[in-house]
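1. Predicted structure and sequence below. I'll ask about it afterward.
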4 protein chains.
Amino acid sequence: MNTFGNIFRLTSFGESHGAGIGGIIDGCPAGIEVDMDFIQNELNRRRPGQSKITTPRNEADKVEFLSGIFEGKTTGTPIGFIIWNANQHSSDYDNMKALYRPSHADYTYQQKYGIRDHRGGGRSSARETIARCVAGALAKLALNQLNVSITAYTSQVGGIKLEKLYSEYDLNTIEDTPVRCPDAAKAEEMITLINEVKSKGDTIGGVITCVIKGTPVGLGEPVFGKLHAALGNAMLSINAVKGFEYGDGFDVNHRGSEVNDEFYDKDGTIDTRTNHSGGIQGGISNGQDIYFRVAFKPVATILMQQHTVDQEGNEADIKARGRHDACVLPRAVPIVEAMAAMTILDYYLLNKAR
Amino acid sequence: MNTFGNIFRLTSFGESHGAGIGGIIDGCPAGIEVDMDFIQNELNRRRPGQSKITTPRNEADKVEFLSGIFEGKTTGTPIGFIIWNANQHSSDYDNMKALYRPSHADYTYQQKYGIRDHRGGGRSSARETIARCVAGALAKLALNQLNVSITAYTSQVGGIKLEKLYSEYDLNTIEDTPVRCPDAAKAEEMITLINEVKSKGDTIGGVITCVIKGTPVGLGEPVFGKLHAALGNAMLSINAVKGFEYGDGFDVNHRGSEVNDEFYDKDGTIDTRTNHSGGIQGGISNGQDIYFRVAFKPVATILMQQHTVDQEGNEADIKARGRHDACVLPRAVPIVEAMAAMTILDYYLLNKAR
Amino acid sequence: MNTFGNIFRLTSFGESHGAGIGGIIDGCPAGIEVDMDFIQNELNRRRPGQSKITTPRNEADKVEFLSGIFEGKTTGTPIGFIIWNANQHSSDYDNMKALYRPSHADYTYQQKYGIRDHRGGGRSSARETIARCVAGALAKLALNQLNVSITAYTSQVGGIKLEKLYSEYDLNTIEDTPVRCPDAAKAEEMITLINEVKSKGDTIGGVITCVIKGTPVGLGEPVFGKLHAALGNAMLSINAVKGFEYGDGFDVNHRGSEVNDEFYDKDGTIDTRTNHSGGIQGGISNGQDIYFRVAFKPVATILMQQHTVDQEGNEADIKARGRHDACVLPRAVPIVEAMAAMTILDYYLLNKAR
Amino acid sequence: MNTFGNIFRLTSFGESHGAGIGGIIDGCPAGIEVDMDFIQNELNRRRPGQSKITTPRNEADKVEFLSGIFEGKTTGTPIGFIIWNANQHSSDYDNMKALYRPSHADYTYQQKYGIRDHRGGGRSSARETIARCVAGALAKLALNQLNVSITAYTSQVGGIKLEKLYSEYDLNTIEDTPVRCPDAAKAEEMITLINEVKSKGDTIGGVITCVIKGTPVGLGEPVFGKLHAALGNAMLSINAVKGFEYGDGFDVNHRGSEVNDEFYDKDGTIDTRTNHSGGIQGGISNGQDIYFRVAFKPVATILMQQHTVDQEGNEADIKARGRHDACVLPRAVPIVEAMAAMTILDYYLLNKAR
């Protein structure tokens, strides 16, 4: 269950404070030119410490490919890779060894497996997502050749929310703000909020919006492999994600007559006048833009005293030290893109198998 | 891709106006007593024509089991079943044969497969969900023995919304109202709204809330088989579903310090004081109630004139005749429960394999 | 685990004396013309009672398709089907209810599941293979369009064995003899042997050889999805099969210098001078004929007294009554072909997904 | 398709002359003590250069675990590992870059993927099997706790063949001879033959027999997941394997009355008097010893001149230089055991999920 995908498959491994995080990408099409700068840049986008508002922990996350690439191109054989952990011998966590941090996975892992690597959350740490970014970067390279583009951005932090649809923003400006938000004014508000939250040692939730352009008609495998179900599954597998909606989503107070997407003839091709469907009908892409929103809870690690119990059930207080990530949204943007890229490429390949 | 689940697996078949809808349930534990009345009742709950507010099309949906049951008990071998379609030779749809109904799957199926059974939506019809109710009923029977209960209800229709958390309602009253809503006053409002929408030939969206009680600690397979990701995937595979959230979901305007679920010692067992996590931490059930919400768009079939194109791209008008389902929510309640039951049982069995 | 295949997938159900045997074929390419006569003929080839040497039990095995076919063509949606059992209420087996028949699956099913349908072997009956023949027939229809042909024949019964390679026989004559053997003289010997065995109420084993012509280069998914491993897995899933070998197989007393298949230029295309590899190198088809051999033990049901125990472990004698199949080989020929056809089509579709 | 198993799953990566060979083991039960000496010894058993009769290429194959193990025990999270290649920058193969070696996978990989790492066979090299030995060693450690033991030995080299059943040999003596054969006299003959073959630069095929003792009743998932089909699939995925048989296998010249395994009461437990079934009935283990045989062709790499073509189809001569493995059987013994161990553990875990 550490494998994602059907044809293009990522299997990942690694704990927060073990040797490293890595994975195997199987089913990657052969002949893709591996643009190492692009891949490293995707990892950098995810990396903490990029700006004052994210966690300053400096991880020099360099990916090392171990197989499946020959003379700069993918060969169709499995691509092994690893990102070594800089500081795996940390004893920072010794004092929390036996404590269950609230809203973390310490308790559930311990109960399920009877043993756990407690250091930094072990396998349940969000550091695991770095493997997704590597595989997502490769998927993006493959999708580039198909003219499919995937763009995510922070659309809400706490109560500060972009009210307009994605199409009303200039998505080229996303990387211009440290929160990865295409609305510069709202971005400033978000930054102010995050800094305030951060100064208290607290954290705040938010929403990421993602847009996929250029998807061909026909991706999706009804009835249990609907494209949006696969996207939802992908997003919900990201740490701290609590919700997924596509198209009109939870905005359900509408009549069918208002939100049905009528077809029309657009210069000889069939188009829809609106896109409430979010680019997917009956679980299959219809060629329109696919867009969806992903809800993130505030990160559980806070620098404030909390109440909890230890493994024996004794009540205790707990307080994390050091640095923390007051708002994970900006860093999660490339992860959302990576999962979307893997899903779309996987379904593109699945659709070829007919 | 017409298969759902890992160990407890449903593979389904059938078109709206073909011979019937059926499936094969593989991996069902042996020795489950097959309570036929219970199963038939689950199908009845889903059936249209139960009340004035749902579609009056009368389908006598009787399930016929074909294998896997011997002397009233499951044998561990695959359980084949079929629900015959009463009216498979309908020519009602002949006039719409070449037309793409707005926000239906006609266009995407035709483009993906190059051929489609156009009658009543064919495979993309919601009639397919009847197979899910059969498998879900069996899963419920198995879960009963584990003291796991699953209850869903209509929590929003159009703008009429239950504001309180599930725990503040008496879930035993759900079946008392035709909309399956535990708030009798809101239920009346919903009914009024649905009747108004229905009289216009229009449709309206809404939200279903689902609660799972009694889940043992430890269900969930990180990192790509997180329990909530599996539930989300299950819900998003249901026709007309546009969103899924669990725990606090899209209600993200909170600080970590507000929504972290602190552990405490409750008479010798470890408990949490709050349940913002929705019963799942790190993708694994923690023994608290699991709850989530599912958004449904208004059904695409409306009895109003709409604009569209035909398969050749010629512009045309289209208007469905006869009966329609103004609000699918009440009928979808048992389907949500069925998908939840299958997911929980599947993950229960998966968790045994370690 | 009642599902076979990756893209083209058969899930089957049914017991020997239940309602019927059926299945769901998912992932069948859309647009295949469903030649019902061809399919029925494939079922007839498998049917007992075709001649004096096979079991005279007369089963009128008519397949009824339930979905996935529209106006004579496959639609890409799942194809449900059933073959009803003529005599499901048989009490013939009541006297053997609690007895474990030697070398049958009675004991292992009972131990694994704690319950079993004892009538005629229930799920473990070879009657299950009829579902394979339906799916195999559809696969053959799809492969016909790709000019892939699959032919199996009886190459050994007891000690009577065809010594020459498949290429030295006229495979068009296979159906001319009731044992499905292309060597008329050997066929006569086989028939004589089978009749002798049959007269004693005994059974005899043998070998089936299968040849696949026209496979394109490139089918096979190393390292764990090698084409011959998939074929071996397929064959070993057939009742009574005890061995599988391809190319030179167990004929291992050779030097590399003798059996390496040298490449040469054959009128502008790359060919091999010999085919010891059996058409597969490194797990991937090389365009040469694929050929393999499948060993069948004598059928366990004999009309002779045997010793055994009952479910409580009490010693007992057992003797089957009525009719039996002295040599299953002729009937198994279409089943071998069916499994090969499904495997090749599945791998053809998998290979498109890159 | 570089993944093996259902619950206990190995995904492997790596090319002969790339950075290394590695993999991820997912689904390994938590709490297994990781005996590093045992694991390294399993790798050593597979390593070439152990004696004069195997290839003297000296690979110091040390496994490095990267995750999933904490304080000496498995944690239930994925176990990443790598064995670095000592000599990855070899240019030994430059002269054969464009040539298709007879009976190797050069041609099929090039045709399938349009690109290949030609150095030493790349992904198709038998060096890949080292990852299997790592996973197999972990599986053996888990099976030890269940009292399941797995032992393989060389039972045939060329025409020199052990004629007796496994039960007539002392399996504790297998490691005493460099060919891993429990019959010391035959072992001497085999060594003489191998040395003769080796001196000519040629290779020779053979057979490995494997015995599994202590398997509980009930492992196997009919009808498409029969235990012997899974074992056959596992064995056929090993490089150079051409055939698999279990129990009586291809020894089909017997009557049912001769080879049916009668049940009897053995001191209160149900036993069989004979074991022609090879420990599996109806695809499910019956508690008797499981035994099977695996056929290996002579290795394709010979130090003799052969004819072939290059990628453009031009005819050419080819002659490998340096060292070669005249008989792969002794080294393949631990690989057969590793694949058997993974299969049995996987099916043991699957069987728990009911």
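-> Sure, I can see it.
2. Sheet-wise, list the partners of the helix or strand encompassing A:Phe292 with their directions.
-> For A:Phe292, the host element (DSSP states H and E) is strand A:290-296. Strand A:290-296 has the following strand partners under DSSP bridges: strand A:206-213 (antiparallel), strand A:241-246 (antiparallel).
3. most packed of those?
-> Of all the strands paired with strand A:290-296, strand A:241-246 carries the top mean neighbour count, a mean of 28, counting by mean count of other CB atoms under 10 Å in any protein chain shown. To be clear about C-beta, it is placed using only N, CA and C from the backbone, and glycine gets the same treatment.
4. Any idea how far it is from the middle of the chain?
-> Here the centre of strand A:241-246 is set off from its chain's centre by 12 Å, with CA atoms, centre = their mean, to the nearest Å.
5. mean confidence for it?
-> What strand A:241-246 shows for mean pLDDT is 98.
6. C-terminal to that strand, what's the next element?
-> Per DSSP H and E, the first helix or strand lying C-terminal to strand A:241-246 is helix A:256-259.
7. Give the full set of residues in contact with A:Glu312.
-> A:Glu312 sits next to A:Ala98 when contact means CB atoms under 8 Å, 6 or more residues apart in numbering or on different chains.
8. so how far is chain C from it?
-> In this view, A:Glu312 and chain C are 38 Å apart by CB to the nearest CB, to the nearest Å.
9. ok, now A:Gly278?
-> According to CB to the nearest CB, A:Gly278 and chain C sit 23 Å apart.
10. how about the helices of the stretch 151-300 of chain A, start to end?
-> For the stretch 151-300 of chain A, helices defined by DSSP state H, counting those that start in this stretch occupy the ranges A:184-199, A:227-236, A:256-259.
11. quick revisit: kindly reformat the strands paired with strand A:290-296 as JSON lines containing distance to A:Phe4.
-> Shown next, in JSON lines, are the strands paired with strand A:290-296 (distance: least, CB to CB, whole Å):
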{"stretch": "strand A:206-213", "distance to A:Phe4": "17"}
{"stretch": "strand A:241-246", "distance to A:Phe4": "14"}
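12. Output the set of residues of chain A in proximity to chain C.
-> Proximity of chain A to chain C, by CB under 8 Å from any CB of the partner chain, involves residues A:7, A:27, A:29-30, A:76-77, A:222, A:349-350, A:352-354.
13. which residues does A:Asn239 contact?
-> A:124-126, A:128-129, A:328.
14. Select from these every entry located in helices.
-> Using DSSP state H, the members of the contacts of A:Asn239 that fall within helices are A:Thr129.
15. Can you name the residues of the stretch 101-250 of chain A sitting close to chain D?
-> Proximity of the stretch 101-250 of chain A to chain D, by CB under 8 Å from any CB, involves residues A:112-117, A:122-123.
16. Could you pull up the residues touching the residue of the stretch 151-300 of chain A found nearest chain B?
-> Among the residues of the stretch 151-300 of chain A, A:Gly282 lies closest to chain B, at 2.3 Å counting by CB to the nearest CB. A:Gly282 makes contacts with A:220, A:222, A:226, B:104-105, B:108-109, B:124, as judged by CB under 8 Å, 6+ apart.
17. Give me the phi and psi for whatever residue of chain A ends up closest to chain C.
-> Residue nearest to chain C within chain A: A:Ala353 (4.0 Å; CB to the nearest CB). Main-chain torsions, A:Ala353, degrees, to the nearest 10: phi -80, psi 50.
18. tell me the pLDDT at it?
-> You'll see A:Ala353 listed with a pLDDT of 95.
19. Same question for A:Ser90.
-> At A:Ser90, the predicted lDDT confidence score is 61.
20. can you check A:Ala98 too?
-> Confidence score, pLDDT, at A:Ala98: 87.
21. neighbours of it, just the number please.
-> Close neighbours of A:Ala98, defined as other CB atoms under 10 Å in any protein chain shown, add up to 15.
22. What of the one 5 residues further on?
-> With neighbours defined by other CB under 10 Å, the count for A:Ser103 comes to 30.
23. Let me see the contact set for it.
-> Taking CB under 8 Å, 6+ apart as the criterion, A:Ser103 is in contact with A:297, A:300, B:256, B:259-261, B:276-277, B:281.
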